[in-house]
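Student: Sequence and predicted model, in that order:
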Amino acid sequence: QKDDAQRLLEGFNSDEKGHSLTRSRAESYTSKEEMVSEEDESPLNSNVTAFALKAKVIYPINQKFRPLADGSSNPSLHENPKQAALPNQVMETSPSGSLGSLSQGDKEDCSSSTTILSSASDDRFQARTFLKVTCFPEVLTCESFDVKLCLCSLLLKDLMLLDTELRREKHAIFMQVLKIYLTDFYHKKKITDDLFKKILLTQENDFEELQKQLDSRLQNIEMSGAHNSEYQTLEDLERKEREYSEHIIDNMEAFWKQADKAQQFLLDQSKCSRAKASKITAELTERMIAVEGLLSESQDLRAMDIQERLFNWEFMVKAVDSLKSYIPEECKCRLNTVSNILDHLTVKNNLSVRQKEELLTDLHKAFWDQLAHFSNEYAQQSKDLILKHLECRAKKREELKHRQKAEQGSLLNKTFQTEELHDFLKAYQELLEKHRQIQWNLEEEEDWESAEAVTDLYKELHSKASHTLEELVKELFLQTLPHVSGLSVRECELLKEEWQENLVPELQKWDTYCQRRWKLFQEQLLQEKELWLKEYALSAVIQKHLSETQEKMIQGVVSRVGGLSDESVNYILQKHKLLLCSVLRRITLRSLGMATLARMRMSRKKGLLQELREQHVLQKSSSHCHDEDQWQLLKAVESHILEEEEKLEEETQQTHLEFHQQLVNEIQEALHFLQQHMEQVIGQTLLRHARQEAAEKNSDDEPDFKERLVETAVESVYGTHNNINRLVQNYYQQLGKITESHEAKKLQQLKSLQAERSERSRLKKKQENEQALKEQLNKGLLDISSAVHQRMVLQQKKIWAQFELQQQIRLESLKQKILGLHRLQTELENQLQEAEQDFVTELAALARVPLAMKKQLSKRSKPTG
């Protein structure tokens with residue numbers, strides 16, 4: 001009967017003093033649920049308890065009635081009713097308890113589970129819904145299990161807003177730069193007032209349409225899969241982030257095309273010279289490169305601020321969550337001390353077992369009702385408080401938004417000259433940074449105010465609840481106990497004072513527990529900061545690698561094209577640098593988003609393992625004296641933690657690898673767009689270069705002279721049919737000889753180049769064979785354990801070196817071939833021109849046409865350009 005009464009306090013009693021853990025329990029310590037639950041509950045050493053545990057007789061802490069000492073029981077207590085899962089719940093053990101229950105959850109048999117990181121629940125966790133929040137204060141009212149996911153989703157939302165702000169800023173700057181050049185053309189009378197307004201309106205409409213298309217696509221992403229607008233799943237969030245990135249890359253490509261189109265339209269309408277157009281194009285590209293550099297710096301700084309704010313959020317949420325757990329623990333401590341005093345009275349026969357059970361049952365029910373009332377009142381008042389703060393927050397933001405928009409409009413409406421472009425960019429960037437900092441400070445201040453308001457509310461309600469609990473215990477000792485036990489009022493007052501004295505060390509023990517747990521949380525936060533620093537370092541390495549690779553690639557392409565002027569080559573390189581900066585900036589933001597998603601995917605397992613680690617450390621430091629069984633249990637738990645840490649590290653690496661592969665695919669897609677756009681840029685540059693050369697070659701009056709010569713020869717009486725036919729046949733025969741000679745020289749040139757390439761390949765193969773022999777000699781010196789890995793690395797390097805050398809030989813051969821063919825082509829053109837000149841001279845002599853006519857026509861004509 002005593003044990004049966006003691007079982008009533010299982011949900012409250014977390015103290016293990018005076019008890020020892022058995023070795024068999026240490027051997028069966030194979031799941032996280034058993035670890036946490038068995039550390040939190042007192043071992044029961046009676047046959048009745050053992051039978052109850054084997055039979056799974058469960059007495060829920062929120063059960064209003066329970067079996068009495070005579071053995072009668074409520075049939076419903078033999079069942080294990082589980083509440084229906086809410087939309088934001090999963091049928092798994094949550095790492096943190098709620099205010100709605102004093103117990104640590106149902107203590108079920110978990111012997112079938114061998115690991116806390118069961119992969120069977122991964123899919124369920126991916127599909128698990130959590131609350132969709134729009135700002136930090138809303139997180140303060142979430143369930144503790146959802147907090148990590150909610151905070152990370154806010155981080156992703158902030159990164160998306162940052163990306164949107166910077167993209168719109170770039171579009172606004174580009175439009176302003178175009179407006180400055182248009183104004184300059186207008187002042188120089190190169191375009192009319194109507195044309196000026198028409199061009200500006202057309203470009204503004206085109207860019208607005210581009211933004212509307214993107215907004216529409218993003219809205220479709222947000223609406224897709226939204227079965228419940230209040231909740232979201234991690235799987236949906238990953239899909240939305242992936243589709244968002246795809247649309248942003250598409251929009252980036254569309255913006256490049258629209259920018260080039262607007263630039264070309266501006267130059268065409270202004271009818272400026274080719275040299276002036278090239279200068280303006282180079283200046284625009286240079287300015288936009290500077291803009292991309294400023295945007296990249298701003299993005300890096302703001303992204304680090306966003307990440308730092310996430311840690312501040314976790315700090316505030318943890319502080320509020322620690323306060324939430326104080327009332328349930330206080331209830332446990334008060335009930336434990338009351339139970340100990342009533343047990344002592346039962347031993348002294350001042351109370352019967354039945355009387356003690358009735359007193360504990362009534363007190364338990366009163367405590368439970370008070371705790372439920374406290375929980376409901378806190379939940380309702382905290383939500384009302386947050387709603388009130390959000391209303392004030394929205395008003396402040398709206399006022400700030402209008403004020404900042406007016407300041408930006410005032411700056412954009414000012415008139416700048418082309419020489420003042422740098423001053424405009426600097427002033428506009430400083431203004432936007434100032435606005436962002438003001439908004440950032442306002443948000444941080446509002447977040448702290450919300451957290452402080454919720455904390456003050458909790459302290460106020462906690463003070464009321466603690467006073468009520470005090471009054472309940474006082475009523476038990478001073479009113480109920482004297483009538484039941486027959487003790488005098490003075491004796492009951494002494495018992496109450498004894499209860500108060502015993503309660504102090506219990507509360508101090510809980511305070512010590514909270515301090516140790518807080519220290520462990522701070523250590524975990526520092527570890528997460530170090531992981532984020534590694535993510536930033538990895539992102540920087542990726543950027544550097546891509547930048548160097550792309551720069552080397554475009555240099556190779558330009559060198560292969562050849563024949564372009566230094567001005568055209570510089571434009572191609574600058575254009576590629578501009579587009580690459582835009583791509584790298586997007587990739588950086590995407591990599592941070594993927595790191596956040598990876599963290600969210602592993603948050604559940606990390607949370608469970610962290611709580612297990614906390615329980616182990618606190619249990620280990622709770623007492624300096626352990627018997628052999630306790631030491632064996634602690635060692636078993638420690639080895640289990642190490643094993644789970646290894647598994648978690650392996651799964652974390654696998655998750656990061658999965659996201660890294662996805663990032664590589666998106667990088668390839670973005671670089672594919674970059675390559676396509678650069679192909680168009682290079683093609684247009686080559687086309688302009690070819691047109692310029694053709695215009696220079698055709699600037700003389702050779703066609704006019706030939707037409708006059710033909711007309712004169714037809715009308716001339718000196719040239720007969722036979723004479724002219726003989727001249728034409730001789731000319732065709734000479735052309736045939738020139739062509740045959742050219743083909744023979746071309747064939748000889750190709751054979752010579754093929755022989756040189758074969759000789760290079762033969763010499764290279766000979767060098768490779770010699771190198772292979774050296775490697776075989778060195779293989780025997782390698783350690784057996786590292787031989788395989790080193791051979792693989794050497795083989796990879798060898799293959800890559802062979803590939804690069806073959807590419808170099810092939811490229812050198814192509815260059816020699818092009819130079820040789822170009823030389824033969826020039827020689828052919830010269831010979832054909834000489835043959836044509838001889839034919840024209842003979843025909844002119846036959847028709848009695850003076851060659852001085854050609855010079856006179858040339859003097860009278862103007863170059864066509």
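Tutor: Done, it's in.
Student: buried stuff in stretch 230-247?
Tutor: Residues 231-234, 236-238, 240-245, 247 are the ones in stretch 230-247 that count as buried (16 or more other C-beta atoms under 10 Å). All C-beta spots, glycine's among them, are computed from the backbone N, C-alpha and C.
Student: Oops, could you answer that again for stretch 340-351 instead?
Tutor: Buried positions in stretch 340-351, judged by neighbour count with 16+ other C-beta under 10 Å: 341, 342, 343, 345, 346, 350, 351.
Student: now those residues as CSV including pLDDT?
Tutor: Formatted as CSV, the buried residues of stretch 340-351 follow (pLDDT from 0 to 100):
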residue, pLDDT
341, 89
342, 88
343, 89
345, 87
346, 88
350, 83
351, 82
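Student: what's the closest of those to residue 396?
Tutor: Set against residue 396, the nearest of those by C-beta to C-beta is residue 341 (54.6 Å).
Student: quick one: contacts for the closest one?
Tutor: 495, 498, 499, 502 (C-beta atoms under 8 Å, 6 or more residues apart in numbering).
Student: Just the buried residues of those residues.
Tutor: 495, 499.
Student: about what we covered before: make JSON lines out of the buried residues of stretch 340-351 and add distance to residue 491 and secondary structure.
Tutor: What follows is these, written out as JSON lines (distance: C-beta to C-beta, whole Å; DSSP: H, G, I helix; E, B strand; the rest coil):
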{"residue": "341", "distance to residue 491": "12", "secondary structure": "helix"}
{"residue": "342", "distance to residue 491": "14", "secondary structure": "helix"}
{"residue": "343", "distance to residue 491": "17", "secondary structure": "helix"}
{"residue": "345", "distance to residue 491": "10", "secondary structure": "helix"}
{"residue": "346", "distance to residue 491": "15", "secondary structure": "helix"}
{"residue": "350", "distance to residue 491": "9", "secondary structure": "coil"}
{"residue": "351", "distance to residue 491": "13", "secondary structure": "coil"}
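Student: Residue 831: which element?
Tutor: helix 784-847 (DSSP states H and E).
Student: Output the contacting helices and strands for that helix.
Tutor: For helix 784-847, the packing partners by 3 or more C-beta pairs under 8 Å, 6 or more residues apart in numbering; DSSP states H and E come out as helix 489-561, helix 702-715, helix 721-779.
Student: ranges for the helices of the stretch 201-350 of the chain?
Tutor: For the stretch 201-350 of the chain, helices defined by DSSP state H, counting those that start in this stretch occupy the ranges 234-270, 274-324, 326-347.
Student: Among those helices, which comes closest to residue 709?
Tutor: Nearest to residue 709, of the helices of the stretch 201-350 of the chain and by C-beta to C-beta, is helix 274-324 at 33.1 Å.
Student: burial of the residue nearest to residue 294 when sequence neighbours are not counted, as a residue count?
Tutor: Once flanking residues are discounted, residue 294 sits nearest to residue 429: 5.1 Å by C-beta to C-beta, 6 or more residues apart in numbering. Around residue 429 there are 18 other residues, counting by other C-beta atoms under 10 Å.
Student: wait, doesn't residue 429 sit right on residue 292?
Tutor: No - the criterion here is C-beta atoms under 8 Å, and residue 429 misses it with residue 292 at 11.8 Å.
Student: count of residues packed around residue 260?
Tutor: Applying other C-beta under 10 Å, we find 16 residues neighbouring residue 260.
Student: Now do residue 193, the pLDDT please.
Tutor: Note on residue 193: pLDDT of 81.
Student: wait, what's in contact with it?
Tutor: Taking C-beta under 8 Å, 6+ apart, one finds residue 186 in contact with residue 193.
Student: Look up phi and psi at the residue nearest the centre of the chain.
Tutor: The chain has residue 593 as the residue nearest its centroid, 0.9 Å off, counting by C-alpha atoms, centre = their mean. Main-chain dihedrals, residue 593, degrees, to the nearest 10: phi -60, psi -40.
Student: what's the spacing between it and residue 535?
Tutor: Remark: distance between residue 593 and residue 535 (C-beta to C-beta, to the nearest Å) = 11 Å.
Student: and if you look at residue 609?
Tutor: Counting by C-beta to C-beta, the gap from residue 609 to residue 535 is 20 Å.
Student: and residue 212, how many neighbours?
Tutor: Applying other C-beta under 10 Å, we find 10 residues neighbouring residue 212.
Student: ok, now residue 652?
Tutor: For residue 652, using other C-beta under 10 Å, the count is 17.
Student: With residue 384 instead?
Tutor: Neighbours of residue 384 under the rule other C-beta under 10 Å: 11.
Student: same thing with residue 296?
Tutor: So residue 296, with other C-beta under 10 Å, has 17 neighbours.
Student: Please verify my assumption that it contacts residue 585.
Tutor: Yes - counting by C-beta under 8 Å, residue 296 does reach residue 585; the two are 5.0 Å apart.
Student: circling back to that earlier point, can you list the helices and strands packed on helix 784-847 in TSV and add mean pLDDT?
Tutor: Listed next are these as TSV, based on pLDDT from 0 to 100:
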stretch	mean pLDDT
helix 489-561	88
helix 702-715	71
helix 721-779	78
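Student: Just send these back as TSV, with distance to residue 567 too.
Tutor: Formatted as TSV, those follow (distance: least, C-beta to C-beta, whole Å):
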stretch	distance to residue 567
helix 489-561	13
helix 702-715	29
helix 721-779	32
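Student: between the ones you listed, which one is nearest to residue 686?
Tutor: helix 489-561 (7.0 Å).
Student: Return the list of helices and strands in contact with that closest one.
Tutor: helix 274-324, helix 326-347, helix 421-475, helix 481-485, helix 566-601, helix 603-622, helix 628-697, helix 784-847.
Student: can you redo those helices as JSON lines with distance to residue 216?
Tutor: Formatted as JSON lines, the helices and strands packed on helix 489-561 follow (distance: least, C-beta to C-beta, whole Å):
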{"stretch": "helix 274-324", "distance to residue 216": "24"}
{"stretch": "helix 326-347", "distance to residue 216": "49"}
{"stretch": "helix 421-475", "distance to residue 216": "26"}
{"stretch": "helix 481-485", "distance to residue 216": "73"}
{"stretch": "helix 566-601", "distance to residue 216": "20"}
{"stretch": "helix 603-622", "distance to residue 216": "33"}
{"stretch": "helix 628-697", "distance to residue 216": "21"}
{"stretch": "helix 784-847", "distance to residue 216": "45"}
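Student: for the record, mean pLDDT for the helix holding residue 831?
Tutor: Computed over helix 784-847, the average pLDDT equals 77.
Student: what about the nearest residue to residue 484 once chain neighbours are set aside, which SS state?
Tutor: Leaving aside its sequence neighbours, residue 484 sits nearest to residue 355 (C-beta to C-beta, 6+ apart; 5.5 Å). At residue 355, secondary structure determined by DSSP: H, G, I helix; E, B strand; the rest coil is helix.
Student: So residue 355 versus residue 618, what's the distance?
Tutor: 37 Å.
Student: Just name the shakiest helix or strand of the protein by mean pLDDT.
Tutor: Ranking every helix and strand in the chain by mean pLDDT, DSSP states H and E puts helix 23-27 at the bottom, with a mean of 35.
Student: wait, residue 278 sits on residue 567?
Tutor: Yes - using C-beta under 8 Å, residue 278 is in contact with residue 567, at 6.2 Å.
Student: neighbour-wise, which of these two wins?
Tutor: A side-by-side neighbour count of residue 278 and residue 567, using other C-beta under 10 Å, places residue 278 first with 17 against 13.
Student: For residue 562, see how far away the more buried one is.
Tutor: Residue 278 is 19 Å from residue 562, by C-beta to C-beta.
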